[in-house]
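> sequence plus predicted model, see below.
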Amino acid sequence: MANPAPTRLENLLAALALGLHDDTTRALETATQLSGRGPISLLALDEFLGGANIGCLADVLGLTHSGAVRLVALLEQEGLAERWAGDDRRNIEVRLTSAGRRRATRARAARDGVVRRTLAGVDPADAANLERLVSDLVDAGVRARMRDRAAGRADAWWCRTCDFGACGRPDGRCPAQLAAAATTA
């Protein structure tokens, strides 16, 4: 049976997602002078992973352990991160250097700029409706990703580039956090 043709909404959403991905990737790579998972690792380490072990970094980024080790080596070579021996010395933690935090700040500003340009001209009432709809989409996407992870299909965390304050996480309003908690409860 052939797949049905996408609806106009599905097609527009796919085009928007791809365009945002392309623009964001370009902005992050320019701001950090890194490619691949490098820019995302800086954002994650700056926002919520500082002091996490390499295994946790691998999990968040959807990398193998050896891939995360290579990424950390690159970040160290660039002077952006450093490894620290954890409590039991087998556990190696990763922290950003001051240069890494500065690049993460530039990356966050670049990411935010792409999104602000995308939303420019949207009136406040439409923006409020869009926020509600996008929140619902994030909830559904995180639930699907959590099901995939539970089934053994590891993938990167949804919120690896998020600004937790902006999404409402400290206030218990982050749709991704709420969906993940509901899925694992």
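That came through, no problem.

> where does the protein dip in pLDDT?
88-89, 185 (pLDDT under 70).

> quick one, longest helix in it?
In the chain, assigned by DSSP state H, the helix with the most residues is helix 124-150.

> in it, what counts as buried?
Ser135, Val138, Asp139, Val142, Arg143, Arg145, Met146, Arg149 (16 or more other Cβ atoms under 10 Å). The way it works is simple: take the backbone N, C-alpha and C, and place the C-beta from them, glycine included.

> quick one: which of the residues you listed is nearest Trp84?
Using Cβ to Cβ, Arg149 is the member of the buried residues of helix 124-150 that sits closest to Trp84, with 27.7 Å.

> the chain: strands as residue ranges?
Using DSSP state E, the strands of the chain run over 52-53, 81-85, 92-96.

> which non-adjacent residue is nearest the residue nearest the centre of the chain?
Centroid check for the chain by Cα atoms, centre = their mean gives Arg160 as the closest residue, at 2.4 Å. In this structure, Arg160 finds its nearest non-sequential neighbour in Ala44, 4.8 Å apart by Cβ to Cβ, 6 or more residues apart in numbering.

> that neighbour: neighbouring residues, count only.
Ala44 has 24 neighbouring residues, counting by other Cβ atoms under 10 Å.

> so it sits against Phe164, correct?
No: contact criterion Cβ atoms under 8 Å: Ala44 and Phe164 do not qualify, at 11.0 Å.

> re earlier: and the residue nearest to Arg160, how close does it get to Asp139?
21 Å (Cβ to Cβ, to the nearest Å).

> and the chain, what are its domains?
Following automatic domain parsing, the chain resolves into domains at 24-120, 123-185.

> of these, which is nearest Pro4?
domain 123-185 (19.8 Å).

> just to revisit the earlier point, any idea which of the buried residues of helix 124-150 is closest to Arg111?
Val138 (15.8 Å).

> got the contact list for the residue nearest to that closest one when sequence neighbours are not counted?
Distance criterion Cβ to Cβ, 6+ apart; nearest residue to Val138, sequence neighbours excluded, is Pro175 at 4.4 Å. Going by Cβ atoms under 8 Å, 6 or more residues apart in numbering, Pro175 touches Ser135, Asp136, Val138, Asp139, Val142, Cys167.

> and those, which is closest to Gly100?
Cys167 (22.4 Å).

> could you pull up the contacting residues of that closest one?
Cys159, Arg173, Cys174, Pro175, Ala176, Gln177.

> possible to save the strands of the chain as JSON lines with distance to Ala107?
Listed next are those as JSON lines, based on distance: least, Cβ to Cβ, whole Å:
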{"stretch": "strand 52-53", "distance to Ala107": "18"}
{"stretch": "strand 81-85", "distance to Ala107": "14"}
{"stretch": "strand 92-96", "distance to Ala107": "11"}
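
> with distance to Thr25 and mean neighbour count as extra columns, can I get those strands in TSV?
Below are the strands of the chain laid out as TSV (distance: least, Cβ to Cβ, whole Å; neighbours: other Cβ atoms under 10 Å):
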stretch	distance to Thr25	mean neighbour count
strand 52-53	23	18
strand 81-85	20	15
strand 92-96	21	19
